[in-house]
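Peer 1: Quick one: sequence and predicted model below, then my questions.
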Amino acid sequence: MKLENNGQASAEYLLLFGVLIVILMISISFIASQNELTMAMAAAKNGVNDGSLYASSAIYPSDTYNEYSRANYELLIPSSVEIVNVSYVNMGYDSNFEKEKIQFKVYAHSSKDLSKKELDSIGDRINYNLRKSVALTFESTKATNKLYNPVFSNHYIFTTANVKWV
């Protein structure tokens, strides 16, 4: 009679151990994807700061610099751009890449009176630096184009919306 009870207890422990392993594996998968989002948001904030702070010290291609120096000189002078908010929206599953698509949104304010074209140019620089920072974080620079759009991680595709000026 004792042998039967011991066998039952061993089977119950094996079943319990199996269920715990399944729960642990599901939890690890969830935590890994949440960790990617946390890393992406931190990288995005670093990139946004780089894009907004380094107006005159930014490295521009020669044709862009020449255009700015002729028509948009204000963009070469350090601008007083304040980042109000950086957020992201889950755009759902992208069947082309078979990953979830995340779109970053940046809200900014400029104390200078800049034209729409100048604000768009600063916004493009901010978004470029955001995407570049995310690509460097996930070491996916070779998997994307020269504008780092889109950026890839193991579970997500990252893109940016136009900067919203408030």
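Peer 2: Great, that's in hand.

Peer 1: Give me the below-cutoff pLDDT ranges for this structure.
Peer 2: In the predicted model, the chain carries pLDDT under 70 at residues 1-7, 54-79.

Peer 1: tell me, what residue is most central in it?
Peer 2: With the centre of the chain defined as its mean C-alpha position, the nearest residue by Cα atoms, centre = their mean is residue 40, 3.9 Å away.

Peer 1: Nearest residue to it in space, please, no chain neighbours.
Peer 2: Nearest non-adjacent residue to residue 40, counting by Cβ to Cβ, 6 or more residues apart in numbering: residue 134, 5.4 Å away. (C-beta placed from N, C-alpha, C; glycine too.)

Peer 1: Am I right that that neighbour sits in a strand?
Peer 2: No - with DSSP: H, G, I helix; E, B strand; the rest coil as the criterion, residue 134 is located in helix rather than a strand.

Peer 1: Using the three-state scheme, assign residue 106.
Peer 2: strand.

Peer 1: burial of the closest residue to it other than its chain neighbours, as a residue count?
Peer 2: Excluding the flanking residues, the one nearest residue 106 by Cβ to Cβ, 6+ apart is residue 163, at 4.7 Å. Using other Cβ atoms under 10 Å, residue 163 has 25 neighbouring residues.

Peer 1: Residue 149 too?
Peer 2: When neighbours are counted by other Cβ under 10 Å, residue 149 comes out with 15.

Peer 1: For the remainder of this discussion, apply numbering that starts at 309.
Peer 2: In the new count, where the first residue is 309, that last one comes out as residue 457.

Peer 1: so who does it touch?
Peer 2: 439, 467-468 (Cβ atoms under 8 Å, 6 or more residues apart in numbering).

Peer 1: can you pull out the helices in the protein?
Peer 2: 310-361, 370-379, 424-445 (DSSP state H).

Peer 1: Now render these as CSV, adding distance to residue 458.
Peer 2: Output for those, formatted as CSV (distance: least, Cβ to Cβ, whole Å):
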stretch, distance to residue 458
helix 310-361, 12
helix 370-379, 22
helix 424-445, 8
